[in-house]
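Chemist: let's see this in three dimensions:
(2 chains)
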Amino acid sequence: MTVKDITDQLQLKIFAGASGMNREVTGGYVSDLLSDVMGHAQEGQLWITLQTHKNVMAIASLKELSAIIFVQGFEPDMDTRDLAEKEGIPLLGTTLPTFDITGKIYNLLT
Amino acid sequence: MQLEFKVMGGDFANAGYASSEIKKVLKQINIDPKIIKKVVVALYEAEVNICAHAYAGKVSVEITPEKISVEVSDKGPGIPDIELAMQEGFSTASPAVREMGFGAGMGLPNIKKNTDFLDIQSTVGKGTTLKFINYLT
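Modeler: Residues are numbered from 1 along each chain as shown, chains lettered A, B, ... in the order given. This is a model prediction of the structure:
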């Protein structure tokens, strides 16, 4: 399943990094602690968080994550978006809370 | 091959720059992706530690056919109790740093988990030097 498939099915907002919409999603990781994501997320996973600053993109890029989804209507900072454009990692948004969006994505992926 | 980078205290906007550059180099020279991942996690955590705790620091990476050696030294407050700092969950990060999702006390433990050798030397009031190695063979 690609980032685009999930974005379409869950009607996620695309903030930046649209060139990476065909990235394959291998799973997901949910955390707002950056070191936790750095230590435990796996390549290809989609990251669900409410952190919006530029460092989330640094982590997504270093870990080669497939996309980031911001929950609860949170929107990424402008420098986060710039980096996402450069790296081709989609930044997506939902107004749903973390539990709800995670459940929906889990169902799509399993 | 020897590479050097400067890291400034408080400069979170550029945290991860050295890790990103090193990752590119290691990929170019066809290092095992599993080892690249480990080095990148360890180096990123070390960069963030400088941003969160020190005034200024330097990252030096030496790549040989046998190993990747990283030295991260900073001018900063130093670590009074290294054993305590190594405990997962222990942190002295500021509330502002924690709000960003850092400072969960996972940095040094992540570095230890992702390296084959780790040495920490620290002098309170002067600074800290981390050395870590990932073997390639």
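
Chemist: what about stretch A:19-38, how long is it end to end?
Modeler: 24 Å (CA to CA, to the nearest Å).

Chemist: so does it get close to chain B?
Modeler: Yes - Stretch A:19-38 is in contact with chain B by CB under 8 Å from any CB of the partner chain, via A:32-36, A:38. The way it works is simple: take the backbone N, C-alpha and C, and place the C-beta from them, glycine included.

Chemist: just those now: which is nearest residue B:96?
Modeler: Nearest to residue B:96 among those is residue A:34, at 13.9 Å by CB to CB.

Chemist: verify the contact between residue A:35 and residue B:102 for me.
Modeler: Yes - between residue A:35 and residue B:102 there is a contact at 6.7 Å, judged by CB atoms under 8 Å.

Chemist: shared neighbours, these two?
Modeler: residue B:48 (CB atoms under 8 Å, 6 or more residues apart in numbering or on different chains).

Chemist: now, which of the residues of stretch A:19-38 next to chain B sits nearest residue B:127?
Modeler: Of the residues of stretch A:19-38 next to chain B, the one sitting nearest to residue B:127 (CB to CB) turns out to be residue A:35, at 21.6 Å.

Chemist: any idea how far the strand or helix carrying the closest one is from the chain center?
Modeler: Per DSSP states H and E: residue A:35 is located in helix A:34-40. Distance of helix A:34-40 from the chain centroid (CA atoms, centre = their mean, to the nearest Å) equals 14 Å.

Chemist: ranges for the strands of chain A?
Modeler: A:13-16, A:27-30, A:45-49, A:67-70, A:91-93 (DSSP state E).

Chemist: redo the ones you listed as CSV? Include mean pLDDT and mean neighbour count.
Modeler: Below are the strands of chain A laid out as CSV (pLDDT from 0 to 100; neighbours: other CB atoms under 10 Å in any protein chain shown):
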stretch, mean pLDDT, mean neighbour count
strand A:13-16, 98, 18
strand A:27-30, 98, 19
strand A:45-49, 98, 23
strand A:67-70, 98, 27
strand A:91-93, 98, 24
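
Chemist: is it possible to export those strands to TSV including distance to residue B:54?
Modeler: Formatted as TSV, the strands of chain A follow (distance: least, CB to CB, whole Å):
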stretch	distance to residue B:54
strand A:13-16	31
strand A:27-30	29
strand A:45-49	26
strand A:67-70	28
strand A:91-93	30
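
Chemist: figure out how far the longest helix that chain B contains is from the centre of its chain.
Modeler: What stands out as the longest helix in chain B, according to DSSP state H, is helix B:33-53. In terms of CA atoms, centre = their mean, the centre of helix B:33-53 is found 5 Å from the chain centre.

Chemist: wait, does that helix contact chain A?
Modeler: Yes - counting by CB under 8 Å from any CB, contacts between helix B:33-53 and chain A involve B:37, B:40-41, B:44-45, B:48.

Chemist: check which element follows that helix along the chain.
Modeler: strand B:56-63.

Chemist: roughly how far apart are the residue nearest the centre of chain B and chain A?
Modeler: Centroid-nearest residue in chain B, with CA atoms, centre = their mean: residue B:46, separated by 1.9 Å. Distance from residue B:46 to chain A, counting by CB to the nearest CB, to the nearest Å: 11 Å.
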